[in-house]
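K.L.:
okay, sequence plus prediction incoming.
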Amino acid sequence: MEKRMSAFMLAILLLFVPAQAGAALGGETLHPGDRGEDVEELQEALQQGGFHSGKTDGVYGSVTASSVKAFQKYEGLTTDGVAGEATLEKLS
């Protein structure tokens with residue numbers, strides 16, 4: 001009974017704790033050359049914002065890096081093409 005109550009309380013707490021910045025994008029720094037679902041989510045977020053017109057294929061190539069740079073410039077961030085914490089926070 002005590003374990004069930006603890007699990008229930010944890011579930012209730014999680015409902016009220018705000019998600020970490022960038023959680024929707026995995027929260028991990030993404031670099032050119034990376035591949036996978038996190039990159040695909042990054043591409044989709046950039047596309048929704050009008051910054052990415054390339055494929056959403058999960059490959060962080062030159063088009064994605066250029067899209068990230070355009071977004072960073074627009075947001076006044078360091079324009080390095082790396083999707084780090086500040087970039088992911090602004091995208092979320």
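P.N.:
Perfect, thanks for sending it. Residues are numbered from 1 along each chain as shown.
K.L.:
nearest residue to the middle of this protein?
P.N.:
Closest residue to the average C-alpha location of the chain: residue 25 at 2.5 Å, with C-alpha atoms, centre = their mean.
K.L.:
that residue is in contact with residue 42, isn't it?
P.N.:
Yes: contact criterion C-beta atoms under 8 Å: residue 25 and residue 42 qualify, at 5.8 Å. (Glycine included, C-beta is placed from N, CA and C.)
K.L.:
where do the contact lists of the two overlap?
P.N.:
Shared contacts of residue 25 and residue 42 (C-beta atoms under 8 Å, 6 or more residues apart in numbering): 83, 88, 91.
K.L.:
in JSON lines, list the residues you listed along with pLDDT and secondary structure.
P.N.:
Listed next are those as JSON lines, based on pLDDT from 0 to 100; DSSP: H, G, I helix; E, B strand; the rest coil:
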{"residue": "83", "pLDDT": "97", "secondary structure": "strand"}
{"residue": "88", "pLDDT": "96", "secondary structure": "helix"}
{"residue": "91", "pLDDT": "93", "secondary structure": "helix"}
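K.L.:
would you reformat these as TSV and include distance to residue 62 and neighbour count?
P.N.:
Output for these, formatted as TSV (distance: C-beta to C-beta, whole Å; neighbours: other C-beta atoms under 10 Å):
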residue	distance to residue 62	neighbour count
83	14	30
88	20	24
91	19	21
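K.L.:
once you drop chain neighbours, what's closest to residue 57?
P.N.:
Spatially, and ignoring its direct neighbours in sequence, residue 57 is nearest to residue 40 (7.1 Å; C-beta to C-beta, 6 or more residues apart in numbering).
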